[in-house]
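Asker: Just to be clear, the model below is a prediction. Sequence and coordinates:
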Amino acid sequence: MGQLPSVADLVHQLRAFHGYRTLWWRPDGMLLHAEPEEELEDIGYRYVATLMRPGPEALAEALLRAGIVLGAAEPDEPTGTTWVAAAEPGLVA
């Protein structure tokens, strides 16, 4: 479908929500945000961070701490927006 959002685009999308959003990462490279009460570990996602309307620095720092670099993909998850992400080797358990 095209390029995925940059950190700035993701910040803009997350600011549309007035509460916290939780970022989840799946080993095949999918990154999505969902309501904080949604637990996605049982279906193969790893918790990244829970943030409220983060700025670009806070979001980039949270992704970096998790070893995630945004890439390109198409949205395909009904519970949030999906991005493909690559994990830095050695940073993700």
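Answerer: That came through fine.

Asker: Return the set of buried residues in stretch 45-52.
Answerer: By neighbour count with 16 or more other Cβ atoms under 10 Å, stretch 45-52 contains the buried residues Tyr45, Arg46, Val48, Ala49, Leu51. Heads up, the C-betas are built off the backbone N, CA and C, glycines and all.

Asker: repeat for stretch 18-28
Answerer: Of the residues in stretch 18-28, Tyr20, Arg21, Thr22, Leu23, Trp24, Trp25, Arg26 count as buried by neighbour count, 16+ other Cβ under 10 Å.

Asker: pLDDT-wise, which helix or strand of this structure ranks last?
Answerer: None of the helices or strands of the chain scores lower by mean pLDDT, DSSP states H and E than strand 82-87, at a mean of 48.

Asker: so how far is Ala34 from Glu41?
Answerer: Taking Cβ to Cβ, to the nearest Å as the measure, Glu41 and Ala34 are separated by 12 Å.
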